[in-house]
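[1] Could you work out the structure for the sequence below:
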Amino acid sequence: MIGLKTLAAALLLGGSAMAMAANDGQTRVNELLASDAQYRETWEGVIKKEERVPEWVINLSGTSEQQMHAVTEDGDQYLVGPLCESQDKCLNHRLIVAFSFDKDDAYAMLVDVPEGLPQDKSPTRHATYRFFGKPDQGMQDLLMETLKKDPKWY
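    Next up, the predicted model:
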């Protein structure tokens, strides 16, 4: 009987670990800070010395239609996803966020494109980029690649 209980416990623990690993795509950026105090603490540490940060970036409170996904950078795993100021301004004001799986590190890239840009003008040529969390070149590339996966970004 003890062997059966041990087996059941092992299966439950193994299932929990698999559920956590599969959970990498279940969260949206705008849900992170409310989901875990450690996310909030890490994010506050990233932006506390920054100046002139939009409120929606400070609180990660914009619109996030896509779920975050797991990415490996330089051997470390991150949850990465986009956040927009609002649904109708996503092309003009967006943030790409990356949190380490252990929730100790966070990085982000704020992308601003002038509003009213004609549709025939490429947003990439008119965008400004601002990084948070002092990402190294590999992390900057990861954030940029995430942005480039958006079909509306050209």
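[2] which SS state does the one residue sitting closest to the centre of the chain fall under?
    Per CA atoms, centre = their mean, the C-alpha nearest to the average position across the chain is that of residue 97, at 2.9 Å. Secondary structure assignment for residue 97 (DSSP: H, G, I helix; E, B strand; the rest coil): strand.
[3] need the contact list for it.
    With contact set as CB atoms under 8 Å, 6 or more residues apart in numbering, residue 97 has these partners: 29, 32, 60, 68, 80-83, 106-108. In short, each C-beta sits where N, CA and C put it, glycine included.
[4] swap in residue 53?
    So residue 53 contacts residue 47 (CB under 8 Å, 6+ apart).
[5] And the one 10 residues further on, by the same measure?
    With contacts defined as CB under 8 Å, 6+ apart, residue 63 is in contact with 30, 83-87, 90.
[6] how near is residue 31 to residue 109?
    20 Å (CB to CB, to the nearest Å).
[7] which one of those two has more residues nearby?
    The residue with more neighbours, out of residue 31 and residue 109, is residue 109; 23 against 16, by other CB atoms under 10 Å.
[8] could you point out where this structure is predicted with low confidence?
    For the chain, the stretches with pLDDT under 70 are 1-25.
[9] can you pull out the strands in this structure?
    Under the criterion DSSP state E, the chain contains strands at 69-73, 76-84, 93-100, 106-112, 128-132.
[10] could you say what helices and strands the fourth one packs with?
    Same thing as strand 106-112. With contacts taken as 3 or more CB pairs under 8 Å, 6 or more residues apart in numbering; DSSP states H and E, strand 106-112 sits against helix 37-47, strand 93-100, strand 128-132, helix 137-148.
[11] follow-up on the earlier one: right, and the strands of the chain - which one's nearest residue 150?
    The closest of the strands of the chain to residue 150 is strand 76-84. By CB to CB, the value is 7.3 Å.
[12] re earlier: which strand residues bridge the residue nearest to the centre of the chain?
    Taking DSSP bridges as the rule, residue 97 bridges to residue 81, residue 108.
[13] Over to the residue lying closest to residue 123 once chain neighbours are set aside: give its phi and psi.
    Distance criterion CB to CB, 6 or more residues apart in numbering; nearest residue to residue 123, sequence neighbours excluded, is residue 113 at 4.5 Å. Note on residue 113: its backbone torsions stand at phi -120, psi 130 [degrees, to the nearest 10].
[14] Kind regards, and thank you for your time.
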